[in-house]
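# take this sequence and fold it.
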Amino acid sequence: MPSSYRVADTDLQNVTPDQVKFILRNVRNGQLEDQDRLFRLMLDTWPRLRKAINEVAGSIAKLPITIEPSIQEGQEEPTENAKLMQEMVSRSLECAAPKPGHWELDLKGAIRALVDAYIKGTAVLEVVWHYDHGMIAPRAYAPVPAKFLAYPNDRDSVDRLMLCEDGSYRSDMKDFPEYRFLIGQWTQGGLHPIHAANLRALSKYWLASVYGLGWLMQYGQLFGVPWRHVETDGSDEAMDKAEKMLSDIGSSGWAVTGPGVELNLHEGVKSSGESLPQSHMMEVADKACDILLLGQSLTSDNTGTGSRALGDVHYSVRGDILNSVASWVSSILTTQLVPAILHHNHGRDISHEDMPTINLEIPVAKDKKELAETMKILLDSGLSMPRKWAYSELGIPLPEPDDEIIGSPMEDVEEEEDFTAHMMYDSTGKGYLAETFEDHLRFTELGYTHEESAETAEAGSMSEVFDLEAVRKEVDLRPTEEMAQNARRALDVRREKPQSQRGMTAVGIARARDLANRVTLSPTTVRTMVAWFARHEVDKQGSTWDEKGRGWQAWHGWGGDEGRAWAERKVAELEGADE
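Residues are numbered from 1 along each chain as shown. Below is the predicted model of the structure:
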């Protein structure tokens, strides 16, 4: 936008009640500029109003943004195409790069700007696109001033918000081009967005507050200082001297009198500004502002129906208002921004059934004491639950390897991708190898422990423990460096691919990590490798093999061609050793 707009733009100064009435009435012709100027003046002169708007916009902008894939009716899981679209939208929203010093916003800033419609009735942002990371994505979001927005005044035209490209209401108005703008129009029931602007309802309170403040300041100037009275002998000369003396005194605390002139000082009016009707009107205006925009005044109770019941998102914004505005912003992003991103990258032939949704999530407050007690009851009853989920629900960070731990240590197997093969011990001390994450979960449900305790170690000395080294004395089962390189390449490629194009199961990832680190394998694992390669030989004929797709990643994660040949050789050596 050229800077000439800002230079030519003017703000209202002091306005009378009649002028405000005229502006609010005549905005019905569709021109939003004068009403917007009035709203700007209200923001400039009403600190509580500006604070309330910042509270709402800031609380909405802080909410976590989630992008959920679409699940078609009757289905339990999203389709592959739906996952692909979700991945594209997620990556696209991460490509924002507004230019420093320019009037451009990132996604959080755009959300704050859209909340302006909750205040003013209308907010429009232009999406600035660029090509980044192999896709067309929003680089920034630029606010569109009200000068360039209007509703048609032609009675035969469909009533809709339109664009005035040259900023002149009398010029030709155009419909917004597709996929270039985010248009926010706040409505309340059947009210038109022009009349739904919350600042219209506050304009009368603002007038009372502004004019009351002026009267109060004048009152303090006139009656907040001692009253000065001069007695003279009645002559013209004495009267002139008295008037000059009073004029020169100003706020000074002294004066010189001559013959025929006597100065008397009387105590000022005792009534303070706080007890005046004008001061009360200013307080009423502030309270009306808080109730309308925040849902509560700063002195009202913050009960369970307020924001504390929604995760302490913000202490002064009531929960139902936060929900309403967040849902409204989410719908704009879902119905306008998501189709624009997918259109620019995939064209128009896109099924809306597969388009993802963007949600601003309001965290729900949890009673951690009650949650912890519930978990204990469930665990005592024999029900197992994921450790990572339990930590997340209780708001406790997972311990890092070097962290000092208080309380009882827990098992260090957190999730499938962190899994490595390990021994599990039963109550007699007998050891079993957990080769997969599923093995670990099964052994845990049976009560096996991850680490050998003193009791199990003593018991184990009298029972047969699975000894990996006993079967490896004659056969070296340590993967080769070429196998390790293949596995590292597979993990690197998988990491760079979008979620929808990543191959390898949890077991495959664990196997690739073992090979990459050249961890000595068990005979069972080597035999599994031979069987796995035999089953997946056909993957080499897949259409995505040359693109390093899922099949390529999985094959090389197990060591690639070198891994297959090595596993077959080692199985033959093991069988020869057995004979």
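# what about dumping the CA coordinates of stretch 235-245 to CSV?
Output in CSV follows, covering the C-alpha atoms of stretch 235-245 (Å, rounded to 0.1, in the frame of the first residue of the first chain):
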residue,chain,number,x,y,z
SER,A,235,-13.0,53.9,43.7
ASP,A,236,-12.3,53.2,40.1
GLU,A,237,-8.5,53.3,40.8
ALA,A,238,-8.9,50.7,43.6
MET,A,239,-11.0,48.4,41.4
ASP,A,240,-8.5,48.5,38.6
LYS,A,241,-5.7,47.7,41.0
ALA,A,242,-7.7,44.8,42.5
GLU,A,243,-8.5,43.3,39.1
LYS,A,244,-4.8,43.5,38.0
MET,A,245,-3.6,41.9,41.3
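# what's the spacing between it and its chain's center?
What separates the centre of stretch 235-245 from the centre of its chain is 72 Å, taken as CA atoms, centre = their mean, to the nearest Å.
# and if you look at stretch 192-211?
Using CA atoms, centre = their mean, the offset of stretch 192-211 from its chain centre is 30 Å.
# lowest mean pLDDT among the helices and strands of this protein, which one is it?
The weakest-scoring helix or strand in the chain, judged by mean pLDDT, DSSP states H and E, is helix 454-460 (a mean of 40).
# how far away is Glu80 from Leu263?
Distance, Glu80 to Leu263, by CB to CB, to the nearest Å: 95 Å. Glycine gets a C-beta too; all of them are placed from N, C-alpha and C.
# more neighbours: which of these two?
Using other CB atoms under 10 Å as the criterion, Glu80 and Leu263 rank with Leu263 on top: 16 against 12.
# so who does Ala96 touch?
Asp106, Leu107, Ala137, Pro138, Arg139, Ala140, Tyr141 (CB atoms under 8 Å, 6 or more residues apart in numbering).
# how about the nearest residue to the first one, chain neighbours excluded?
What that stands for is Asp106. Using CB to CB, 6 or more residues apart in numbering and skipping the chain neighbours, the partner closest in space to Asp106 is Ala96 (4.5 Å).
# element containing that neighbour, please.
For Ala96, there is no enclosing helix or strand under DSSP states H and E.
# could you do Ala255 as well?
Here Ala255, judged by DSSP H and E, is contained in no helix and no strand.
# quick check, pLDDT for it.
The model reports Ala255 with a pLDDT of 71.
# and Arg489, by the same measure?
93.
# again with the one 3 residues further on
The predicted local distance difference test score for Asp492 is 91.
# and the helix or strand where Glu283 lies, what does it pack against?
Assigned by DSSP H and E, Glu283 belongs to helix 277-294. Packing partners of helix 277-294 (3 or more CB pairs under 8 Å, 6 or more residues apart in numbering; DSSP states H and E): helix 47-61, helix 198-223.
# tell me the buried residues in the helix or strand just after the first one?
Using DSSP H and E, the helix or strand that follows helix 47-61 towards the C-terminus is strand 65-68. Residues of strand 65-68 classed as buried under the neighbour-count rule (16 or more other CB atoms under 10 Å) are Ile65, Ile67.
# next one: strand 65-68 to chain centre, how far?
9 Å.
# mind listing the strands it pairs with, and their directions?
Strand partners for strand 65-68, identified by DSSP bridges, are recorded as strand 357-360 (antiparallel).
# neighbouring contacts of the strand it pairs with?
60, 63-68, 70, 89, 111, 326-327, 329-330, 333-334, 337-338.
# and what of stretch 45-56?
Contacts of stretch 45-56 (CB under 8 Å, 6+ apart): 42-43, 115, 118-119, 199, 202, 206, 209-210, 285-286, 289-290, 293-294, 314, 316-317, 321-322, 325.
# how about 6 Å then?
Residues from elsewhere that reach stretch 45-56, judged by CB atoms under 6 Å, 6 or more residues apart in numbering: Leu43, Ile119, Trp206, Val210, Asp286, Cys289, Leu293, Leu294, Ser316, Val317.
# state which strand of this structure is the longest.
Of all segments of type strand in the chain, defined using DSSP state E, the longest is strand 122-132.
# relative to Trp389, how far out is Lys376?
15 Å.
# nearest residue to the most centrally placed residue in the chain other than its sequence neighbours?
Compute the mean C-alpha point of the chain, and by CA atoms, centre = their mean the closest residue is Pro64, 3.1 Å away. Counting by CB to CB, 6+ apart, Pro64 lies nearest to Glu361, which is 5.1 Å off, once chain neighbours are set aside.
# rewinding a little: next helix or strand past the least confident helix or strand of the chain?
Downstream of helix 454-460, the first helix or strand assigned by DSSP H and E is helix 481-496.
# and the next helix-or-strand element following that following helix, average pLDDT?
Sequence-wise, the next helix or strand downstream of helix 481-496 (DSSP H and E) is helix 506-516. Rounded to a whole number, the mean pLDDT of helix 506-516 is 85.
# what of stretch 570-579?
74.
# ditto for stretch 287-297
On average, stretch 287-297 scores 80.
# ok so, going back, can you tell me which of the contacts of Ala96 are buried?
Leu107, Ala137, Pro138, Arg139, Ala140, Tyr141.
# now those residues as TSV including pLDDT and secondary structure?
Formatted as TSV, the buried ones among the contacts of Ala96 follow (pLDDT from 0 to 100; DSSP: H, G, I helix; E, B strand; the rest coil):
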residue	pLDDT	secondary structure
Leu107	95	helix
Ala137	94	strand
Pro138	95	strand
Arg139	95	strand
Ala140	96	strand
Tyr141	96	strand
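# Glu373: how many residues sit nearby?
So Glu373, with other CB under 10 Å, has 11 neighbours.
# packing partners for the very next helix or strand once past the helix holding Glu283?
Proceeding N to C from helix 277-294, the next assigned helix or strand is helix 319-332, under DSSP H and E. Using 3 or more CB pairs under 6 Å, 6 or more residues apart in numbering; DSSP states H and E, the elements in contact with helix 319-332 are strand 357-360.
# let's see 8 Å
Checking 3+ CB pairs under 8 Å, 6+ apart, helix 319-332 ends up next to helix 47-61, helix 107-114, strand 181-185, strand 357-360.
# the helix or strand that that helix is followed by - contacts with which helices or strands?
Once helix 319-332 ends, the next helix or strand along the chain (criterion: DSSP H and E) is helix 338-346. Here helix 338-346 touches helix 80-93, strand 135-143, going by 3+ CB pairs under 8 Å, 6+ apart.
# tabulate the ones you listed (CSV), appending distance to Met281.
Below are the helices and strands packed on helix 338-346 laid out as CSV (distance: least, CB to CB, whole Å):
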stretch, distance to Met281
helix 80-93, 46
strand 135-143, 34
